[in-house]
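Chemist: Let's see this in three dimensions:
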Amino acid sequence: MPTYVILLRAVNLPGYGKVSMADLRKLLTDLGFERVDTYIQSGNAVADAKGAAATVAKAVSAALEKLMGAPAGVVVRTHEQLDRVIRENPFVAEAADGTKVHVGFLAGPAGKEAAAGLDRLVARYPKRRDRYRLVQQTLYLHLPDGAAETKFSGKSLDKALGVMGTARNWNTVLKLHEMSNR
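Modeler: Numbering: from 1, shown residues only. Down below sits the predicted model:
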């Protein structure tokens, strides 16, 4: 049975869907997933599940919508995919403190105009020093001024990319990679 890293979008943020990690673990167990673990309160889980990643994402999304009463974005990755994300990080030196580099995990391929949309975000906010690198379904972000004020988030980012995604800081990426190494 494959091991998956399950990433929920906009869970337990002010004004967004609330789900406890205990409820998330129960939900995943009720779906038949095994060896379910969660990490911090921001919607990160590691579980063994039958089926392809897309099937797992659909099942989790449907169950979360039923539980929370609203749609929930879900992105699923394998340990091997996280290996590649870590190897291909273009901001290795900047990732030393673990909080200035974030990884956006996209639910599918970015749209044809994604690079232009991301460049517009950078140009629109010249005082921010944010940088990005888009590699397939992964968006690497270097946010030297921190993530709190970045414009690489939410609906503006979805619009630029043409696809939904969810981001994690580098420390979280490394921890989820460690947890999924089974």
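Chemist: hmm, which helix or strand of this structure has the shakiest average pLDDT?
Modeler: Of all helical and strand segments in the chain, the minimum by mean pLDDT, DSSP states H and E falls on helix 154-161, at a mean of 89.
Chemist: For the protein, just list every one of the strands.
Modeler: Counting by DSSP state E, the chain forms strands over residues 3-8, 34-39, 44-48, 74-78, 101-106, 131-135, 138-142, 165-169, given from the N-terminal end onward.
Chemist: Turn these into CSV, including distance to A62.
Modeler: Glycine gets a C-beta too; all of them are placed from N, C-alpha and C. Output for the strands of the chain, formatted as CSV (distance: least, Cβ to Cβ, whole Å):
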stretch, distance to A62
strand 3-8, 13
strand 34-39, 17
strand 44-48, 16
strand 74-78, 9
strand 101-106, 19
strand 131-135, 29
strand 138-142, 25
strand 165-169, 17
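Chemist: before we move on, back to that, how far away from the center of its chain is the least confident helix or strand of the chain?
Modeler: Offset of helix 154-161 from its chain centre (Cα atoms, centre = their mean, to the nearest Å): 14 Å.
Chemist: for the protein, which spans come out with low pLDDT?
Modeler: 11-17 (pLDDT under 70).
Chemist: quick one: contacts for the residue nearest to G162 when sequence neighbours are not counted?
Modeler: Closest residue to G162 in three dimensions, ignoring its sequence neighbours and counting by Cβ to Cβ, 6 or more residues apart in numbering: G111, at 2.4 Å. Shown here is G111, whose contacts under the criterion Cβ atoms under 8 Å, 6 or more residues apart in numbering are G117, L161, G162, V163.
Chemist: Tabulate those (a markdown table), appending distance to V135.
Modeler: Compiled in a markdown table, those are given as follows (distance: Cβ to Cβ, whole Å):
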| residue | distance to V135 |
| --- | --- |
| G117 | 16 |
| L161 | 13 |
| G162 | 16 |
| V163 | 14 |
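Chemist: So how do I select the buried members of those residues in PyMOL?
Modeler: To isolate the buried ones among these in PyMOL, judged by 16 or more other Cβ atoms under 10 Å, type:
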select buried, resi 117+161+163
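Chemist: how many neighbours does S153 have?
Modeler: Other residues within reach of S153, judged by other Cβ atoms under 10 Å, total 19.
Chemist: ok, now which ones touch L31?
Modeler: Under the criterion of Cβ under 8 Å, 6+ apart, the contact list for L31 reads A49, A59, V60, A63.
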